[in-house]
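Participant: Structure for the following, please:
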Amino acid sequence: MSELKPTAHRPAVQEHCRAVRAYTEHLASGLSPEDQCVQSMPDASPAKWHRAHTTWFFEQFVLGPNLAGYAPFDPAFSFLFNSYYEAVGPRHPRPMRGLLTRPDAAHVTSYRAHVDAALDRLLQASDADGLADLVTLGLHHEQQHQELLVTDALHALAQNPLAWLDAGIAVIPGWTAPPAPPGPARFIERPGGLAGIGHAGSGFGFDNEYPRHQEILLPHALANRLVRNAAWLEFMRDDGYARPDLWMSDGWAEVSREGWSAPLHWRPDGAGGWRQVTPGGCGAVDPDAPVTHVSWYEADAFARWAGARLPTEAELEAAQPELPDFFGHAWQWTSSAYLAYPRFKPVAGAIGEYNGKFMINQMVLRGSSHATSPGHARASYRNFFQPDKRWQVTGLRLAQDR
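Facilitator: You can find the predicted model right below:
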């Protein structure tokens, strides 16, 4: 991080730690040991790996350097569950995480219990207040992986023919999508001018949300609601996936290569409609729900088809109080490349590898999704993925120039 902001005190952090760590286990509780080992594509990771990696993070960066006499649960885990921290050492290749049948899910549960007990001991120490911000970073890192655990497991289970039966296979039993705000779509006029962008005030922020700065916004308009499935179905009926004039060159190449004709996790129902696999199982596509699991290429093509464009990340952040579905439905693709804010500087060491080294060839998303963990969203949050990725809960909001 550009600096570790003083955000929390030890008792609150200890309570937060227990809650976040327990929530990871809650999310995994509906998955069998076999489910937890599957890696359905190189971008995804097994649920078991997410549970272990987030535990490794605390062992590597918090417990090892700060808890006297701490013994690693298993020294081999430093190799198996490092993700991308070059300063820490070598790691098991990401595309091969699904081959790690050992350790099994039960052993990962023991690993988590071992580290949780050590974290409790550390945070009960009278001199642990200085670690509050590092532990808070680790908890927000774990919340990022909680969302990935859900979306990666959804992608894996969607490959199973049983997932497409009535009710299908649930990643999270009993899950339902939050209701989207009702009413017709309309554009909110925004006058432009100077806007303060980036994290401000108290509370946690990742390094890429700093430093706060001013950006000039030109007059524009933003849709008051996310694009709904009904509008996406119109795009599909108008041959939106078959018209190269709507697509960026790289996007058209991706459509042609992959044969895209609908959002990810959609399939024809055989009677002229569509079905969709969600974390709660399979059902008919809801025309009033925000469209999800579309790539930046698809979002950009749709915006062009609709006579609009994707908003910039600054436009979205500045307008967030006026947008009732900004949080909790779908991450919103923007037209902004993922770059550092002016005068951004990562900290030295492995923690400094957290976000800065990924600031190339990716696009920014704003808001949050129905898979985002409670308490993890904020207006300044900068999510980011390559423009072809669509296994996350990604959608869009339209913008127009004025």
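Participant: Going by neighbour count, list what's buried in the longest strand anywhere in the chain.
Facilitator: In the chain, assigned by DSSP state E, the strand with the most residues is strand 331-337. For strand 331-337, the neighbour count (16 or more other C-beta atoms under 10 Å) marks 331-336 as buried. For glycine as for every other residue, the C-beta is placed from the backbone atoms N, C-alpha and C.
Participant: Packing partners of that strand?
Facilitator: Applying 3 or more C-beta pairs under 8 Å, 6 or more residues apart in numbering; DSSP states H and E, one finds that strand 331-337 contacts helix 296-305, helix 313-319, strand 363-366, strand 394-395.
Participant: List the pairing partners of the shortest one within its sheet, with orientation.
Facilitator: The strands that strand 394-395 pairs with in its sheet are strand 331-337 (parallel) (by DSSP bridges).
Participant: same deal with the third one?
Facilitator: Strand 363-366 has these partner strands in its sheet, going by DSSP bridges: strand 331-337 (antiparallel), strand 383-385 (antiparallel).
Participant: Leu217 is in contact with Gly196, correct?
Facilitator: No - contact criterion C-beta atoms under 8 Å: Gly196 and Leu217 do not qualify, at 11.0 Å.
Participant: Neighbour count for the two, which is higher?
Facilitator: A direct count of neighbours by other C-beta atoms under 10 Å for Gly196 and Leu217 places Leu217 higher, at 17 against 13.
Participant: re earlier: of all the strands paired with strand 363-366, which one is nearest Val393?
Facilitator: With C-beta to C-beta as the measure, strand 331-337 is the member of the strands paired with strand 363-366 nearest Val393 (6.1 Å).
Participant: what does that closest one contact?
Facilitator: Residues outside strand 331-337 that contact it (C-beta atoms under 8 Å, 6 or more residues apart in numbering) are 226, 294, 296, 299-300, 309-316, 326, 362-369, 383, 392-397.
Participant: Narrow those residues to those that are buried.
Facilitator: In those, burial by neighbour count holds for 226, 294, 296, 299-300, 310-316, 326, 362-369, 383, 392-397, counting by 16+ other C-beta under 10 Å.
Participant: can you confirm Trp49 is in a strand?
Facilitator: No - applying DSSP: H, G, I helix; E, B strand; the rest coil, one finds Trp49 to be helix, outside a strand.
Participant: State the distance from Asp250 to Ala308.
Facilitator: Asp250 is 21 Å from Ala308, where distance means C-beta to C-beta, to the nearest Å.
Participant: Comparing the two, which residue is more hemmed in?
Facilitator: Set Asp250 next to Ala308 and count neighbours by other C-beta under 10 Å: Ala308 wins out with 20 against 11.
Participant: Now the more buried one. Nearest residue, chain neighbours left out?
Facilitator: Counting by C-beta to C-beta, 6 or more residues apart in numbering, Leu398 is the residue found nearest to Ala308 once chain neighbours are left out, at 4.0 Å.
Participant: Enumerate every residue touching that neighbour.
Facilitator: Applying C-beta under 8 Å, 6+ apart, one finds that Leu398 lies in contact with 187, 222-223, 227, 303, 306, 308-311.
Participant: Likewise for Gly196?
Facilitator: 212-214.
Participant: Redo the residues you listed as TSV? Include neighbour count and distance to Gln124.
Facilitator: Converted to TSV, the contacts of Gly196 look like this (neighbours: other C-beta atoms under 10 Å; distance: C-beta to C-beta, whole Å):
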residue	neighbour count	distance to Gln124
Arg212	14	35
His213	14	39
Gln214	12	43
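Participant: Next, the spatially closest residue to Ile172 that is not a sequence neighbour: phi, psi?
Facilitator: The shortest distance from Ile172 to any non-neighbouring residue, by C-beta to C-beta, 6+ apart, is to Pro279 (4.7 Å). In terms of degrees, to the nearest 10, the main-chain angles of Pro279 are phi -60, psi -20.
Participant: Distance check, Pro279 against Leu157.
Facilitator: 9 Å.
Participant: joint contacts of the two?
Facilitator: Common contact partners of Pro279 and Leu157 (C-beta under 8 Å, 6+ apart): Val171.
Participant: count of neighbours near the nearest residue to Met41 once chain neighbours are set aside?
Facilitator: Excluding its sequence neighbours, the residue lying closest to Met41 (C-beta to C-beta, 6+ apart) is His155, at 6.8 Å. His155: 23 surrounding residues under other C-beta under 10 Å.
Participant: heading toward the C-terminus, what's the first helix or strand past the helix or strand where His155 lies?
Facilitator: Using DSSP states H and E, His155 maps to helix 132-157. Remark: after helix 132-157, the chain's next helix or strand is strand 187-190, criterion DSSP H and E.
Participant: So which residues make contact with that following strand?
Facilitator: Here strand 187-190 makes contact (C-beta under 8 Å, 6+ apart) with 217, 219-224, 315, 318-319, 322-323, 398, 400, 402.
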